[in-house]
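Trainee: model this:
(one chain, ligands or ions: 1)
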Amino acid sequence: MLRLLVIAGVVIVLVTAVAVTWVALDLPPPGLVLRHGLPPAGGPTGRRMEVEGVTFVEIGTGYFRMGSWFNCQRGDALGRVCQAFGLPWGKQPQESGDEVPVRWVEVRQPYWIAETELTNAQYERYDPEHERDWPGDDDPATSVSWEDAQAYCQWLAKKSGLPVRLPSEAEWENACRAGSEGEYGFGDDEKRLTEYAWFAENSGDRAHAVKTRRPNAWGLFDLHGNVWEWCADTYHQDYNGSPEDVRAWTEGGEVWGASPIRVRRGGDWFGAAVICRSACRVGNLPGVRGDILGFRPACGPSDP
Ligand SMILES: [Ca+2]
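Mentor: Numbers count the residues shown, from 1 in each chain. Modelled structure (predicted):
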């Protein structure tokens, strides 16, 4: 009997020690390790394709951590009104808010994402009547609502026979992080943002041609800054209940009137560095248009 009690005690101590270590090191859920060893970070597979003038980069399977312990927005009622109108608040530590809980997300199947924001020239193959906010062919197409962006993706899908669509938030954040767990795809040093992004400090109050700042580690441009990018998801106030993989989270979420709020990502030429962070999220009505807001299409399966 005594021997059994000793064995049970040792087992309890061991299990507790492992659990404490797991939490302390913030390791991924045990299932991930058991199935795959340490989770691979994923990244570009090396495959690229061009569809109607749009270059897509294939992102491979793997795991990444989504979210942040900091928030660029207030999480209260006034903050949500400001979110709806795209007004940023300062970066604030958050125990609750729209970038938590930070969590592991799995890319179960490769997906494609455009190398750049969609440009005027690319968008106008679909809509020749599009009125440009920015004059250049290679400037990002703006004044496109979420519905316009959806319609473009559906047009390109039909024309190409490929599953072109808006990226999910998780796909977008994975592409933006490019393997980095810092505030930005290149790490935490805000001073380096000028190398990678057009934003308030260097834009001269205008959007710029795509691919005129440095690419991130996965060869993708302008995820940070230049123009905000629509994602497929409805806007939720936090990540509780979100999918464990990169599929778009479209069940539930915030509603304004009868309309679901949609998510935009990445900050813009007008915004401060804080809103260009990889984890920053803003919700908007899907019909909103403006010269700070565009998108980059994605393609491929998002369901496991
Ligand atoms: Ca952008």
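Trainee: Strands along the stretch 1-150 of the chain, start to end?
Mentor: Using DSSP state E, counting those that start in this stretch, the strands of the stretch 1-150 of the chain run over 43-51, 54-60, 62-66, 70-71, 92-93, 103-107, 111-114.
Trainee: Next, format those as a markdown table and append mean neighbour count, distance to the ion and mean pLDDT.
Mentor: Quick note: C-beta positions are derived from backbone N, CA and C, even for glycine. A markdown table is the format used below for these (neighbours: other CB atoms under 10 Å; distance: least, CB to the ion, whole Å; pLDDT from 0 to 100):
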| stretch | mean neighbour count | distance to the ion | mean pLDDT |
| --- | --- | --- | --- |
| strand 43-51 | 14 | 18 | 94 |
| strand 54-60 | 20 | 15 | 96 |
| strand 62-66 | 20 | 18 | 92 |
| strand 70-71 | 22 | 19 | 74 |
| strand 92-93 | 12 | 23 | 66 |
| strand 103-107 | 20 | 20 | 92 |
| strand 111-114 | 24 | 11 | 97 |
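Trainee: closest to residue 161 out of those strands?
Mentor: Across the strands of the stretch 1-150 of the chain, the minimum distance to residue 161, taken as CB to CB, is reached by strand 43-51, at 9.8 Å.
Trainee: could you give the angle of that closest one to strand 62-66?
Mentor: For strand 43-51 against strand 62-66, the angle by axes from the mean of the first three to the mean of the last three CA atoms, to 10 degrees is 100 degrees.
Trainee: ok, now which ones touch whatever residue of the chain ends up closest to the ion?
Mentor: Closest approach of the chain to the ion (CB to the ion) occurs at residue 266, with a separation of 4.0 Å. By CB atoms under 8 Å, 6 or more residues apart in numbering, the residues touching residue 266 are 172, 176, 222, 223, 224, 225, 226, 227, 228, 229, 276, 280.
Trainee: So which of these sit within helices?
Mentor: Among the contacts of residue 266, the residues falling in helices (DSSP state H) are 172, 176.
Trainee: restrict the contacts of residue 266 to those near the ion?
Mentor: 222, 226 (CB under 5 Å from the ion).
Trainee: mind listing what the closest residue to residue 147 other than its chain neighbours touches?
Mentor: The shortest distance from residue 147 to any residue other than its chain neighbours is 5.4 Å, reached at residue 286 (CB to CB, 6 or more residues apart in numbering). Counting by CB under 8 Å, 6+ apart, residue 286 makes contact with 145, 146, 147, 259, 260, 261, 262.
Trainee: How about residue 271?
Mentor: Applying CB under 8 Å, 6+ apart, the residues near residue 271 are 88, 199, 200, 225, 292.
Trainee: Let me know the closest of the residues you listed to residue 249.
Mentor: Closest approach between the contacts of residue 271 and residue 249, by CB to CB: residue 88, at 22.7 Å.
Trainee: For residue 294, give me phi and psi.
Mentor: As for residue 294, its main-chain torsions (degrees, to the nearest 10) stand at phi -140, psi -150.
Trainee: now residue 156
Mentor: phi -70, psi -40.
Trainee: Quick check: the gap between it and residue 278.
Mentor: 26 Å (CB to CB, to the nearest Å).
Trainee: Of the two, give the one with the bigger neighbour count.
Mentor: Ranked by neighbour count (other CB atoms under 10 Å), residue 156 and residue 278 place residue 278 first, with 28 against 21.
Trainee: Which residue is the nearest non-sequential neighbour of residue 180?
Mentor: Per CB to CB, 6+ apart, closest to residue 180 is residue 187, 6.2 Å.
Trainee: and if you look at residue 160?
Mentor: Residue 160 sits nearest to residue 51 (CB to CB, 6+ apart), 5.0 Å away.
Trainee: For the one you found, give me its contacts.
Mentor: 156, 160, 162, 164, 299.
Trainee: Ok, residue 223 next?
Mentor: 172, 175, 176, 185, 216, 229, 265, 266, 278.
Trainee: okay, those in CSV with distance to residue 115 and pLDDT next?
Mentor: Listed next are those as CSV, based on distance: CB to CB, whole Å; pLDDT from 0 to 100:
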residue, distance to residue 115, pLDDT
172, 14, 98
175, 10, 97
176, 13, 97
185, 14, 95
216, 11, 97
229, 13, 98
265, 16, 97
266, 14, 97
278, 17, 96
